[in-house]
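Visitor: Build me a structure from this.
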Amino acid sequence: MSLVKIAVLDMNNNHANEGLRCILQSIRNAQGNNRQAELSFDVYDVRANNEIPDLDYDVYISSGGPGSPMASSDAWETRYFSLIDQIFDWNLHNDRKKFVFLICHSFQLVVRHLDLGLLSRRKSTSFGIFPVHKTEEGDLDPLLIGLPEPFYAVDSRDYQITGPNVERMETMGASILCLEKIRPHVLLDRAVMSMRFSPEIMGTQFHPEADNEGMLRYFLKDEKRNHIISNFGKEKYNDMVSYLQDPDKIALTESVILPGFLRQAIQSLSATVEEPQVA
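Guide: Purely as a prediction, here's the structure:
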C-alpha cells in the first residue's frame, strides 16, 4: 500500500473557525474509507507562524481565512507563492503529480498571483448559504458532476474575483467552473466561484468543506446568533439555520467536492510510481 502525504495549509492567522476542523474531518474520513493508500497529514500555520511545507507532499489543501488577500509585504506571502509555482512546475515535469485544493482566501491569493482575474473588495460582505451556478465546463468537471444546477454552498467573504483574464486562462489551460448567484437587479459582474487551474489543481471561492452538523452547532451559539442577526438580520439567520438542516443543501456539497478531490488524488497517486528524489 502506497503512502500519500497531505499538507494542510492553515490560513486563518490564529482566528478560530470551523473550516479547518471540517478539512481535517474530510481527511480523517478518507483515511478510514480508502483501501488504496495509507494517508498521513501535517498542518502548517502559514500566516501566523510563517510555516510553509516543502515539495515532500502529494496533496496540498489550503484553507480559507480572514483579512485581506490583496498584495502585502507579509513574510509568508512570498514563500507561499513560491510553493505554488514549484507545484505547477513539478506537475509539468513529473508523472506523479501533486494535487492542490484552494479554498476562499487561498483561491483569491492564487488567482491574483497568477493574474487570472481581478481581485477587489466587495461593496458589501457576502455571508450566507447561496446558490452556486455551474458553467458548461463545471457541468462536465468530475468533482462537480454529482451536484445539481444550481447547488448550495457557504459563502463568507469581503473580496471577490471578477473579470477573468481569458487570454491568460487559455495559456494556462484554466477554466471557470462556477459563478455566483444570478442577480438580475444588480448591475455588477458575477464573481467567479470556482476555477480549475489544471487537472490536478482546483479552487473555490466558497467553502465546500463546511458541514451542516458542525455549522449548525456553531450558529446556534448565542454569541454567533446575535452577531449574525445584528449584522445581517433575523431573516438571513433563519434561512441559514433552515438550509443547514436540509440534506440537499450544504450537506450534499460537503459530501461531494472535497471528498471527491481526495478520492481522485489518491487513485491517481496510487496508480503511479513515486518519483526518485533528486539530490
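Visitor: now for the helix or strand bottoming out on mean pLDDT in the chain, which elements pack on it?
Guide: For the chain, counting by mean pLDDT, DSSP states H and E, helix 212-219 ranks last in confidence among helices and strands (a mean of 82). Counting by 3 or more CB pairs under 8 Å, 6 or more residues apart in numbering; DSSP states H and E, the packing neighbours recorded for helix 212-219 are helix 222-232, helix 234-244, helix 250-270. Bear in mind the C-beta positions are built from the backbone N, C-alpha and C, glycine included.
Visitor: what is the orientation angle of the last one with helix 234-244?
Guide: Computed by axes from the mean of the first three to the mean of the last three CA atoms, to 10 degrees, the angle separating helix 250-270 from helix 234-244 equals 50 degrees.
Visitor: Ok, the first one next?
Guide: Orientation of helix 222-232 against helix 234-244 (the same axes, to 10 degrees) gives an angle of 120 degrees.
Visitor: For helix 222-232, name the packing helices and strands.
Guide: Counting contacts by 3+ CB pairs under 8 Å, 6+ apart, helix 222-232 is packed against strand 118-134, helix 212-219, helix 234-244.
Visitor: swap in the last one?
Guide: Applying 3+ CB pairs under 8 Å, 6+ apart, one finds that helix 250-270 makes contact with strand 2-10, helix 19-33, strand 37-45, strand 59-62, strand 99-103, strand 151-162, helix 212-219.
Visitor: most packed of the helices and strands packed on helix 212-219?
Guide: Highest mean neighbour count among the helices and strands packed on helix 212-219 (mean count of other CB atoms under 10 Å): helix 250-270, with a mean of 20.
Visitor: now that one: mean pLDDT?
Guide: For helix 250-270, the mean pLDDT works out to 95.
Visitor: same question, stretch 33-53
Guide: Stretch 33-53 comes out with an average pLDDT of 93.
Visitor: quick revisit: and the least confident helix or strand of the chain, how far out from the chain middle?
Guide: A distance of 19 Å separates the C-alpha centroid of helix 212-219 from that of its chain, computed with CA atoms, centre = their mean, to the nearest Å.
Visitor: Likewise for stretch 138-147?
Guide: Once both centres are worked out by CA atoms, centre = their mean, stretch 138-147 turns out to sit 15 Å from its chain's centre.
Visitor: any idea how far residue 148 lies from residue 134?
Guide: Applying CB to CB, to the nearest Å, the value for residue 148 to residue 134 is 9 Å.
Visitor: what's the answer for residue 116, then?
Guide: The value you get for residue 116 to residue 134, if CB to CB is used, is 19 Å.
Visitor: these two touch, right, residue 116 and residue 170?
Guide: No. The pair formed by residue 116 and residue 170 falls short of the contact definition of CB atoms under 8 Å, at 10.6 Å.
Visitor: neighbour count winner among those two?
Guide: Neighbour count, other CB atoms under 10 Å: between residue 116 and residue 170, residue 116 has more, with 24 against 10.
Visitor: List the contacts of the nearest residue to residue 157 once chain neighbours are set aside.
Guide: Nearest residue to residue 157, sequence neighbours excluded (CB to CB, 6 or more residues apart in numbering): residue 126, at 5.4 Å. Applying CB atoms under 8 Å, 6 or more residues apart in numbering to residue 126 gives the contacts 155-158, 160, 180, 191.
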